[in-house]
Structure formats: structure tokens, C-alpha cells
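1. could you work out the structure for the sequence below:
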Amino acid sequence: MSYRILTAEVRFEQDIVQVRQRARQIANLLGFDSQEKTRITTAVSEIARNAFKYAGGGKVEFIVEGQSPQIFLTRISDNGPGITDLSAVLGADFRVPAGAGMGLAAAKRLMDQVQIDSTPDRGTTVQLIKQFSKKMPSLSAIELNQLVDKLARQIPEDPYAEIQQQNQELLSTLDELRHRQEELVKLNQELADTNRGVVALYAELNDKAESLRRVSELKTSFFSNMSHEFRTPLTAILSIAEILLHRLDGDLSVEQDKQITLIHKSAESLAEMVNDSLDLAKVEAGKETVRIADFGVEDLFSALRGMMRPLLAKNSAVSLIFEEPIELPILTTDEGKISQILRNFISNALKFTEVGEVRVTAKIGDSGTITFSVTDTGIGILPEDQTRIFEEFVQVENSLQKRFKGTGLGMSLCKKLAELLGGNIGMNSSPGVGSTFFVKLPIVYATATEKDAEMSSPQREQIPFPIATSR
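-> Residues are numbered from 1 along each chain as shown. Prediction:
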């Protein structure tokens, strides 16, 4: 739909003022807001002024086109000399010198779209397009006819009133610009304050990070020194207790046997904590030794079977099963650390499984990896505790925990050892059904030579008994 609302001629300079008035009246009747009305009237008057100045006059047509959405189109045409280099004027890099062409440049900034058709010596036609906003309803032919009737009843004001109106619009625009400038100054001040706050926060975070680093170093040093200092008396206590329990210095009464057994178990628990603390401190300090060697999974399982079977009580309702390795390659990594990880897994599984089995398996994974799994039919772990199980000093509360005291370091140590060997650990568990703990490791350690893998610290001295750490 194309509906012509009004046509006006520009023959004299005062006609430019009347065209501006009509543009404002029509924009107001169509429902444009005050800012859009100012833009439309300014653009129309500038192009009308160009037509009068460079072509001696022209024709102005106000048109509504389209249905949904509609547009307000003002077509200003003249029979003047035209524009010599129209493509340059329409180019994105066109810069208008003071004077000629200023009106066209202003219109291009004020309107949604400006279309120019010009031929030298045959005149110029400029179409100024302003889209209806989403808040403005589409107008039917009947409503546009009513608009024309209203427009006919509106008598154009005298030129002085129009100039006064134009001045008021300019003052309003300047006032709005002043408010925006003030808001911009405030915003810049807020941004400057925020930047200063961010800089201060970064400085504070750096200080705290340095403080945490020092605390971590002190903790590691404390664990290392404490562990070394505790080793000698603990070894003595364990040795003396074993001598007494084996009756090497004579028989014991029932009460003495009970008390010495308690001493031996307490010393074992304390030695367990010492070993785990020292291992954890060495890994965190980057001083843990990785000793690379070739070994078979069958030999690893054989050694583990011998170490872990004594943990099964007589007439136990739990079976410890090592699945026979089938077609598994030779591993080139640290056998001792893999054994330490699996001992922790198996020990925990035996502690928290009252009936059923603990099954140890090894399977080839993708990308040159092998996965060791320890699956039990024990009490399982609640979902909310499964994310905490690998944190330091965390022990999951359960019905069997009171019978088995531990340090809460075992799983954290396993995680760090696995990462040291280039792998990772994980778990799956269902309360009342059981748990599976697994470690995924490269078949060949990344630095597969003992010379490159050796680090500054000597290999850990093992207190002579299996390590068993609680969850």
C-alpha cells in the first residue's frame, strides 16, 4: 500500500519553513515521539533547503507505504543540475566539506534510510525513510484519510513561530546532550573507581596467594619433619611389641597379651598416618621419586595377593579375587606406586565389605592406557559423599567407620600418585550395593627412563607392614 498524504512546492525560501511545519505535523499525527519528530523535520528541511539552494526549488511529497511494518517516506525532487559524482557521495568514506552537501550528510545521520537518484542536468530525487516503531500501530486507508482531514484543518504557523519552535527543539536537544554528558562523566568516574578497586583486589589476592604458598610450604615441611621424627620411636615400639607377641622373651598373661596387642595396633595406626603424611608431603613438594621399570600385571597381582590376604579374618564371609590378566602388555612405569594405590583400594574394600567379594581387575583402555579396578559388594557411598572422598582428611561417616580408624589421607594420596604417573582415579558407588574404585594410567610412563624420572628425594623407607587407610 502506498498513500500520499500531502504534496508541497518549494518555490520561495519561506516555503522551506512551511515544509518543515508540515513534516512536524504529519510526524505528530502518525504517532512518532518527540525525538523522532525532531529528526524527521530537520532532515526534511535540510533537503528542501538543498533543493531551493542548488536547483531553485522542488517538490516535497509525504507518503506512507507498506502494511506491517509501515514506513514514512518523504520524497524531495528537483530539476536542477544534479550531483556529478553520486557514487562518491553514497560511499562509506565520503566526507562532506563545509558548505555544499552538508544537508545530505545530516539527513543520512538522522533518517533510517536515505535513497538518492541523480543525473547530471536532469535533477535529483532524495527519499527520506523513517520506519514505524513497534509501538506504533499500522494505519489503514480510512485512518490515513482521517489524518489528511486533520492535516487540512491545521493552518501552518508563521515563519517566526516555526523559528521559535526550531529554537526550542535545539534547546531541548542541547539539554538532553548536557544530561547525557553528565551521566557519561559519572559513569567514567564509577569505572575509574571500579578499576582502582579491581587493582587493589588483585594486589590483595596476590598477597593472599603468596601467603597461602608459604603456608603450604610450611605444612609440607612440618609433615616431612614430623614423619621422619616419628619413624624411629614407632619402629622401636612395633619391633618390641612383635617380640613380646611372638613370646621371644617368655610367655605373657592374657591381660598382657591384650594390652600389647592394643599397643601394636595403635602403633600401626600411627605409623600409617606417618607414612601417608610423608608421602603426601613429598608429592606436594614435587620431590617424590618415580622409579621406572618393566613389569607384568600378573607379577603385580601375585605380590598384592600375598600382601592383602592376611587382612582377611579367619572364616571371613568376604572373598578376595584377583582376575587372571589376559593378553595384557608389559607396563613401563612405577610398580611400587601402582601397588600402593591398589593396596589402599583393596584395604578400604575389605574394611567396608562384610559379605560378598572384593574383585581386582585390569583391562586395556584407549590411547595406550590400562585401567585397574577394585570392586566390592560393601556398604557403598552416598552420592553427596562421593565428591568429598578424594579430599584430604575426609572420612565418610558410616556404620563400620567406628571399627576402622584412619587418617583420611589415603584416597587423596592415591589421587596425587595417579596424577604423578600421568593418570587419574575415579569411582562408582551405590549405597547398599557396593563400590568400584579405578585408576587409569599410561602403559608407558611419559618419561620412560629412570635417569630422567629420578628426582632429588630418596625413595620412601617403608615401615614393614601393609598400609591400609580408611575412607
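2. distance check, Ala203 against Leu212.
-> 15 Å (CB to CB, to the nearest Å). C-betas here are computed from N, CA, C, even on glycine.
3. ok, Lys440 next?
-> Lys440 is 30 Å from Leu212, by CB to CB.
4. likewise Ser239?
-> Distance, Ser239 to Leu212, by CB to CB: 40 Å.
5. which residue ranges of the protein form strands?
-> 2-10, 58-65, 71-78, 113-119, 123-131, 293-295, 318-322, 331-333, 356-364, 369-376, 424-430, 434-442 (DSSP state E).
6. switch those over to a markdown table; also include mean neighbour count.
-> Shown next, in a markdown table, are these (neighbours: other CB atoms under 10 Å):
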| stretch | mean neighbour count |
| --- | --- |
| strand 2-10 | 16 |
| strand 58-65 | 20 |
| strand 71-78 | 22 |
| strand 113-119 | 15 |
| strand 123-131 | 21 |
| strand 293-295 | 13 |
| strand 318-322 | 17 |
| strand 331-333 | 21 |
| strand 356-364 | 18 |
| strand 369-376 | 21 |
| strand 424-430 | 16 |
| strand 434-442 | 21 |
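7. by contact count, what packs against the helix of greatest length in the chain?
-> Using DSSP state H to define each element, the chain has its longest helix at helix 159-245. Applying 3 or more CB pairs under 8 Å, 6 or more residues apart in numbering; DSSP states H and E, one finds that helix 159-245 makes contact with helix 13-30, helix 34-55, helix 254-284.
8. nearest to Ala107, of these?
-> In terms of CB to CB, the element of those nearest to Ala107 is helix 34-55, at 4.1 Å.
9. name the helices or strands packed onto the closest one?
-> Under the contact rule (3+ CB pairs under 8 Å, 6+ apart), helix 34-55 is packed against strand 2-10, helix 13-30, strand 58-65, strand 71-78, helix 102-110, strand 123-131, helix 159-245.
10. tell me the spacing between Ile40 and Asn145.
-> Distance of Ile40 to Asn145, computed by CB to CB: 21 Å.
11. where does pLDDT dip in the stretch 251-400 of the chain?
-> 269, 272-273, 276-288, 392-400 (pLDDT under 70).
12. so Leu331 makes contact with Gly423?
-> No: here Leu331 lies out of contact with Gly423, judged by CB atoms under 8 Å, at a distance of 11.6 Å.
13. which of Ile40 and Asn145 has more residues huddled nearby?
-> Ile40 (25 against 12; other CB atoms under 10 Å).
14. so what's the more buried one closest to, chain neighbours aside?
-> Ala27 (4.7 Å; CB to CB, 6 or more residues apart in numbering).
15. ditto for Ala303
-> With CB to CB, 6+ apart, the residue lying closest to Ala303 is Ser339, at 6.7 Å.
16. so that neighbour makes contact with Leu300?
-> Yes: applying CB under 8 Å as the test, Ser339 and Leu300 come out as touching, 6.4 Å apart.
17. who has more neighbours out of these two?
-> Each of Ser339 and Leu300 has its neighbours counted (other CB under 10 Å); Leu300 has more, 20 against 16.
18. return the distance of stretch 376-392 from the chain's centre.
-> Here stretch 376-392 is found 27 Å from its chain centre; the criterion is CA atoms, centre = their mean, to the nearest Å.
19. in it, what's buried?
-> Counting neighbours by 16 or more other CB atoms under 10 Å, one finds that the buried residues in stretch 376-392 are 376-381, 385-386, 389-390, 392.
20. so what's Ile364 up against?
-> 328-329, 370-371 (CB atoms under 8 Å, 6 or more residues apart in numbering).
21. go on, Leu300?
-> 331, 335, 338-339, 342.
22. one more time with 10 Å
-> 322, 325, 331, 335, 338-339, 342, 360, 362, 372 (CB atoms under 10 Å, 6 or more residues apart in numbering).
23. check the gap between it and Ser68 for me.
-> Distance of Leu300 to Ser68, computed by CB to CB: 77 Å.
24. quick check: domain ranges of the chain?
-> The domain map for the chain lists 2-156, 177-285, 288-453, with the assignment taken from automatic domain parsing.
25. neighbours of Asn348, just the number please.
-> Based on other CB under 10 Å, the number of other residues close to Asn348 is 26.
26. for the residue lying closest to Lys150 once chain neighbours are set aside, give me its contacts.
-> Counting by CB to CB, 6+ apart, Leu29 is the residue found nearest to Lys150 once chain neighbours are left out, at 6.0 Å. Neighbour list for Leu29: 5, 139, 143-144, 146-148, 150-151, 154 [criterion: CB under 10 Å, 6+ apart].
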